[in-house]
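Enquirer: Take a look and give me a structure for this.
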Amino acid sequence: MSDIAVFRNSARAWLAANVPAGPAPAHGAEGRAFALAWQRKQAEGGWAGLAWPRDVGGRGLSVLEQIVWFEEYARAGAPSSLSAMFVALNHAGPTLFACGTPEQKAFHLPRILNGEAIWCQGFSEPGAGSDLAAIRTRGRVDGNDLVIDGHKIWSSFADMADYQELLVRTDPDARTGAALTWAICPMDAPGITIRPIRTIAGPNKFCEVFYDDVRIPLTNVVGGLNNGWATAMSTLAFERGTASLGLMIALTLQVDAMLDDCPSSRALMLGRLALLSAEGAAIQAMAYRVALDAEQSVPDASASLVRLAFAEFGKKVQAAAIDLYGVQSAKVLGTHGLGHDYLDAFSETIAGGTAEIQRNIIGERVLGLPKGPR
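Expert: Numbering: from 1, shown residues only. Below is the predicted model of the structure:
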């Protein structure tokens with residue numbers, strides 16, 4: 001038996017014995033406790049940070065082994081990777097080991113892997129969502145601190161987070177992304193106000209965050225003062241590439257289950273699902289290739305291919321689920337009601353840069369086409 005087969009069997013056995021029964025709490029104190037406990041259990045079992053470098057607390061395994069884990073994780077029906085730990089594991093952690101100082105890595109990475117800290121993202125603002133160069137939240141250097149004033153929006157799980165990856169404008173005179181700084185913001189710092197946003201999908205996943213003279217030590221800057229654009233591009237490259245792997249695998253398995261459930265009398269529906277199955281297999285293969293190509297580095301612009309395809313595919317899958325099962329079916333309503341998965345799928349074509357932004361990146365940086373008007 002090959003090493004990969006042994007690894008797969010080991011992962012499958014551990015998941016079968018440890019996946020929590022019943023749905024995960026959606027948000028609030030129960031959601032936070034659940035997310036941290038599940039991450040802690042994975043760490044105790046040796047299944048956290050599989051592909052993270054050993055010197056930052058990971059197991060240093062290959063991306064191929066990480067892919068196998070994602071496959072078995074999805075097949076076992078384990079808690080969604082779109083949990084309160086998503087930003088810590090897929091944004092903050094990878095950004096810190098790519099751009100952070102030794103002190104930042106030593107303090108934060110073990111806390112992420114061991115289920116001791118939740119992170120949120122503070123990038124988007126009203127009027128500056130995908131256009132990060134237009135953000136206005138200000139970071140003023142005052143002695144050994146950054147003093148933050150401004151407003152962020154769509155910060156997932158900010159109300160239960162310990163830290164935030166915060167992007168602020170530190171050079172008010174610069175007109176490009178070089179004016180920005182990426183910093184670690186403790187969410188219990190004085191001057192922070194958090195307001196949950198209830199969306200049509202149901203749970204209060206998103207939040208607004210307001211900053212009023214919030215002081216962050218300059219030692220919390222990641223990647224250097226006024227170098228936040230480059231650091232943020234590393235964060236978004238991880239989000240657009242490898243972070244979607246587990247979610248994409250779960251979607252293809254959902255299509256397989258829908259094919260099994262579809263009666264033979266519904267020929268048109270069977271054809272639609274067969275096309276979705278083929279499309280999903282193609283996207284999954286592309287995602288694997290991008291992940292394997294980026295094994296020793298930060299994902300490049302080709303990660304936008306994965307992000308765009310995954311987001312558009314998710315909307316198609318959830319729409320097909322409603323047409324197959326009916327809007328009142330338990331398989332559509334889910335644990336959150338209101339057809340949460342269908343409604344929430346639309347946010348995936350906005351998060352991490354809108355579908356239009358992803359197409360521009362693909363055209364300009366992957367295909368080498370002329371830049372569009374700015």
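
Enquirer: And the strands in the stretch 201-350 of the chain, which stretches?
Expert: 206-217, 221-222 (DSSP state E, counting those that start in this stretch).

Enquirer: and what of the stretch 1-150 of the chain?
Expert: Under DSSP E, counting those that start in this stretch, the stretch 1-150 of the chain gives strands at 119-122, 138-142, 145-152.

Enquirer: Which elements pack onto the longest one?
Expert: This points to strand 145-152. strand 138-142, strand 163-169, strand 180-186, strand 206-217 (3 or more Cβ pairs under 8 Å, 6 or more residues apart in numbering; DSSP states H and E). Where C-beta positions appear, they are placed from N, C-alpha and C, glycine not excepted.

Enquirer: winner for burial among the strands of the stretch 1-150 of the chain?
Expert: With neighbours defined as mean count of other Cβ atoms under 10 Å, the strands of the stretch 1-150 of the chain peak in mean count at strand 119-122, which reaches a mean of 29.

Enquirer: which neighbours does it have in its sheet, and in what orientation?
Expert: Partners of strand 119-122 in the sheet, by DSSP bridges, are strand 163-169 (parallel).

Enquirer: Pull the residues that contact the strand it pairs with.
Expert: 87, 91-92, 95, 108, 117-123, 132, 135-139, 146, 148, 150, 152, 155, 158, 179-187, 209, 216, 222, 228, 232, 235 (Cβ atoms under 8 Å, 6 or more residues apart in numbering).

Enquirer: wait, which of the strands of the stretch 1-150 of the chain is closest to Asp260?
Expert: Comparing those by their distance to Asp260 (Cβ to Cβ), the top pick is strand 119-122, with 36.8 Å.

Enquirer: Quick one: mean pLDDT for the closest one?
Expert: Confidence over strand 119-122 (mean pLDDT, whole number) is 94.

Enquirer: Relative to the whole chain's centre, how far out is that strand?
Expert: 10 Å (Cα atoms, centre = their mean, to the nearest Å).

Enquirer: ok so, going back, write a ChimeraX command that selects only the buried members of the contacts of strand 163-169.
Expert: In ChimeraX, this line selects whichever of the contacts of strand 163-169 come out buried by 16 or more other Cβ atoms under 10 Å:
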select :87,91,92,95,108,117,118,119,120,121,122,123,132,135,137,138,139,146,148,150,152,155,158,179,180,181,182,183,184,185,186,187,209,216,222,228,232,235
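
Enquirer: quick one on the thing from earlier: which one of the helices and strands packed on strand 145-152 lies closest to Gly45?
Expert: strand 163-169 (24.7 Å).

Enquirer: the inter-axis angle of the closest one versus strand 145-152?
Expert: 90 degrees (axes from the mean of the first three to the mean of the last three Cα atoms, to 10 degrees).

Enquirer: now the angle from strand 163-169 to strand 180-186?
Expert: Using the same axes, to 10 degrees, strand 163-169 lies at 150 degrees relative to strand 180-186.

Enquirer: about what we covered before: identify whichever of the strands of the stretch 201-350 of the chain lies nearest to Tyr288.
Expert: strand 221-222 (29.0 Å).

Enquirer: Of all the strands of the stretch 201-350 of the chain, which one comes closest to Gln358?
Expert: strand 206-217 (20.4 Å).

Enquirer: which helices and strands does the closest one pack with?
Expert: Strand 206-217 packs on strand 145-152, strand 180-186, strand 192-197, going by 3+ Cβ pairs under 8 Å, 6+ apart.

Enquirer: domain ranges for this structure?
Expert: When the chain is parsed with automatic domain parsing, its domains come out as 3-113, 119-227, 241-366.

Enquirer: Output the ones you listed in JSON lines; the columns should cover distance to Gly372.
Expert: Below are these laid out as JSON lines (distance: least, Cβ to Cβ, whole Å):
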{"stretch": "domain 3-113", "distance to Gly372": "27"}
{"stretch": "domain 119-227", "distance to Gly372": "13"}
{"stretch": "domain 241-366", "distance to Gly372": "6"}
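
Enquirer: returning to what we had before: so which of the strands of the stretch 1-150 of the chain is nearest Gly368?
Expert: Comparing the strands of the stretch 1-150 of the chain under Cβ to Cβ, the one sitting nearest is strand 119-122, at 30.1 Å.

Enquirer: send the alpha carbons of the closest one over as PDB?
Expert: The C-alpha trace of strand 119-122 is given here as PDB (Å, rounded to 0.1, in the frame of the first residue of the first chain):
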ATOM      1  CA  TRP A 119      -9.300  35.800  13.500                       C
ATOM      2  CA  CYS A 120     -11.400  38.100  11.300                       C
ATOM      3  CA  GLN A 121     -10.600  40.200   8.300                       C
ATOM      4  CA  GLY A 122     -10.700  44.000   8.200                       C
END
